[in-house]
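Colleague: let's see this in three dimensions:
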Amino acid sequence: MASVFKRGRDKKKRRAFWYVSYTDHKGIRRTKKGFTDKTLTEQLGAKLENEALLRERGLIDPEDERIASQKASPISGHLDAFEKSLAPNSEKYVKLVMSRVRRIVDECGFEVAGDMNPEAVSTTLAEMMAEDGFGHRTYNHYAQALHTFCSWLVTSRRLPSNPVIGLERLNIDVDIRHPRRALSPDEVAKLVESARNSGETIADLSGEQRARVYITSFMTGLRRKELASLTPRSFDLDGSPPTLTVQATVSKHRKKDVLPLHPELVAMLREWTDGMQPDDFLFERLDRKKTWLMVKKDLERVGIPYETAEGISDFHAAGRHSHVTELLRSGASLPEARELARHADVRTTMKYTHIGMDDRAKALGNLRWQRIGSGARDSRPHGSSLNGNAKDCGNPARADESTEESETSGTRSRQSSLNGTKRQKSSDRVRFPPPPL
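Modeller: Predicted coordinates for the structure are as follows:
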């Protein structure tokens, strides 16, 4: 039986709280704070006893109750716990994800975890996009951040399912805000020479330092943060083949990558790392410099526009985009390019390939073809031989007669065809391409 009581120090206080003492479904005696009204507290005690009885008989699932309690708990507590779970990631990543998730939660007015739903989120994101003027890619970043949070709620057993599983992404291909264009090898060579001959320091990098950055970026396809992490210890120049190691802490997909090195880059790296300590950075703090600015100035110095109708040639485009594009132009297969670019999906690699009209014309020019025969030869029945039936091939005399008859018949057919062609309009005549030279 449940009993209600006041604590000893509160017995003479009229507005003091009553407490309920009851036995739960496991036989454990528990105490719960009630109300200042004794009758309400007695009703609470009866409710708790009844629920304990239902749980004991299996009519109430404790797991369902736990999830229901989590749904009704303040969402701020879940957000704090989620932020702590992101600790193994970089500080920048944690800050970016949490700022996006918290903004969506605040804009939608979600107070408890059970409030979240895809309709409210999509409406709010559309309003944010209209207000801030950001594009489809940023919209998807916000949606992905919230999806990550909700997936964590499921894996941590706080919710039974992802509440925003139906939230759709926008098509980024119809709203490209910053299209990029790859540089050709000649343009990359001019960019390197421009930096070396500039005699100018840009973003705290001398001309020679910028030239080395451009060369390494183009020949490895590394991202800016990955380039900034390189030390002599990152290279195995005497290996077979020589390799470069990108640590998981700086790799975008958080995995350790080992990449082969171009022989010419190996020779340059031997010179560049000569006399350096194993842990000295080749391009220290490069990830915090205005790399787009130095590329822009070095390009314009040699008359190469930074921005064209195809897009901009910022640092990422001049290095990584140009690297992937030239891999395919040099004969690498798409799977090989994907592996070297370290993309999880080949569709991402396709976005890094900038194949222009000249490339398409060259590919088309390499198409092999044979001259199409005349109309008379094309009209032969299927399976017939130019020199007679196959059964006559064993009789030389008959084969000669068949050949002579075939030639005579072919002459008549061509003559008939020519006579018929004369009666056709010139616009109706079939024209064939000239034979290859």
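
Colleague: so how far is residue 230 from the residue nearest to residue 244 when sequence neighbours are not counted?
Modeller: Nearest residue to residue 244 in three dimensions, chain neighbours excluded: residue 259, at 4.9 Å (C-beta to C-beta, 6 or more residues apart in numbering). In this view, the C-beta of every residue, glycine as well, is placed from N, C-alpha and C. Distance, residue 259 to residue 230, by C-beta to C-beta, to the nearest Å: 12 Å.

Colleague: now do the shared contacts for these two.
Modeller: Residues touching both residue 259 and residue 230 (C-beta atoms under 8 Å, 6 or more residues apart in numbering): residue 244.

Colleague: quick check: which ranges of the stretch 251-400 of the chain have low pLDDT?
Modeller: Scanning the stretch 251-400 of the chain for pLDDT under 70 picks out 369-400.

Colleague: show me where it has strands.
Modeller: Under the criterion DSSP state E, counting those that start in this stretch, the stretch 251-400 of the chain contains strands at 257-260, 307-308, 311-312.

Colleague: follow-up on the earlier one: what about residue 259 and residue 230, which has more around it?
Modeller: It is residue 230, of residue 259 and residue 230, that has more neighbours when counted by other C-beta atoms under 10 Å, with 25 against 17.

Colleague: contact partners for the nearest residue to the more buried one once chain neighbours are set aside?
Modeller: Among residues not flanking residue 230 along the chain, residue 282 sits closest, at 4.6 Å (C-beta to C-beta, 6+ apart). Applying C-beta under 8 Å, 6+ apart, we find residue 282 in contact with 212, 216, 227, 230-232, 272-273, 276.

Colleague: domain parsing of this structure, as residue ranges.
Modeller: 3-60, 75-174, 185-362 (automatic domain parsing).

Colleague: burial of the nearest residue to residue 1 once chain neighbours are set aside, as a residue count?
Modeller: Leaving aside its sequence neighbours, residue 1 sits nearest to residue 49 (C-beta to C-beta, 6+ apart; 7.5 Å). Neighbourhood size, residue 49 [other C-beta under 10 Å]: 16.

Colleague: same check, this time on residue 196
Modeller: Neighbours around residue 196, by other C-beta under 10 Å: 17.

Colleague: for the nearest residue to it once chain neighbours are set aside, helix, strand, or coil?
Modeller: Distances taken as C-beta to C-beta, 6+ apart put residue 211 closest to residue 196, at 4.6 Å, once the chain neighbours are dropped. Three-state secondary structure (criterion: DSSP: H, G, I helix; E, B strand; the rest coil) places residue 211 in helix.

Colleague: start the count at 301 instead of 1 going forward.
Modeller: Let's use 301 as the start, then, which means that last one is residue 511.

Colleague: contacts only, for residue 511.
Modeller: With contact set as C-beta under 8 Å, 6+ apart, residue 511 has these partners: 492-493, 495-496.

Colleague: cool, residue 563 as well?
Modeller: residue 542.

Colleague: do the same with residue 552
Modeller: Contacts of residue 552 by C-beta under 8 Å, 6+ apart are 523, 642.

Colleague: repeat that with 10 Å
Modeller: 523, 525-526, 546, 642-644 (C-beta atoms under 10 Å, 6 or more residues apart in numbering).

Colleague: which one of these sits closest to residue 628?
Modeller: residue 643 (13.2 Å; C-beta to C-beta).

Colleague: just to revisit the earlier point, in this structure the residue nearest to residue 544 contacts residue 522, no?
Modeller: Yes. In this structure, residue 559 is within contact of residue 522 by C-beta atoms under 10 Å, at 8.3 Å.

Colleague: overlap in contacts of those two?
Modeller: In contact with both residue 559 and residue 522: 544, 546, 642, using C-beta under 10 Å, 6+ apart.

Colleague: turn those residues into TSV, including neighbour count.
Modeller: What follows is the shared contacts of residue 559 and residue 522, written out as TSV (neighbours: other C-beta atoms under 10 Å):
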residue	neighbour count
544	22
546	23
642	19
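
Colleague: re the thing from before, show me what contacts the residue nearest to residue 301?
Modeller: Counted by C-beta under 10 Å, 6+ apart, residue 349 has contacts 301-302, 320, 322-324.

Colleague: pick out the most distant pair among those.
Modeller: 301 and 324 (13.6 Å).

Colleague: neighbour-wise, which of those two wins?
Modeller: residue 324 (14 against 8).

Colleague: that one and residue 355 touch, don't they?
Modeller: Yes. The pair residue 324 and residue 355 qualifies as a contact (C-beta under 10 Å) at a distance of 7.7 Å.

Colleague: of the contacts of residue 511, closest to residue 626?
Modeller: Looking across the contacts of residue 511 and measuring by C-beta to C-beta, the closest to residue 626 is residue 492, at 14.5 Å.

Colleague: double-check that that closest one belongs to a strand.
Modeller: No. Counting by three-state DSSP, residue 492 is not found in a strand; it is helix.

Colleague: OK, contacts around residue 336?
Modeller: 306, 313-318.

Colleague: from those, keep the buried residues only.
Modeller: For the contacts of residue 336, a burial check counting by 16 or more other C-beta atoms under 10 Å picks out 306, 318.

Colleague: can you list the contacts of residue 336 in CSV and add secondary structure?
Modeller: Shown next, in CSV, are these (three-state DSSP):
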residue, secondary structure
306, coil
313, coil
314, coil
315, coil
316, coil
317, coil
318, coil
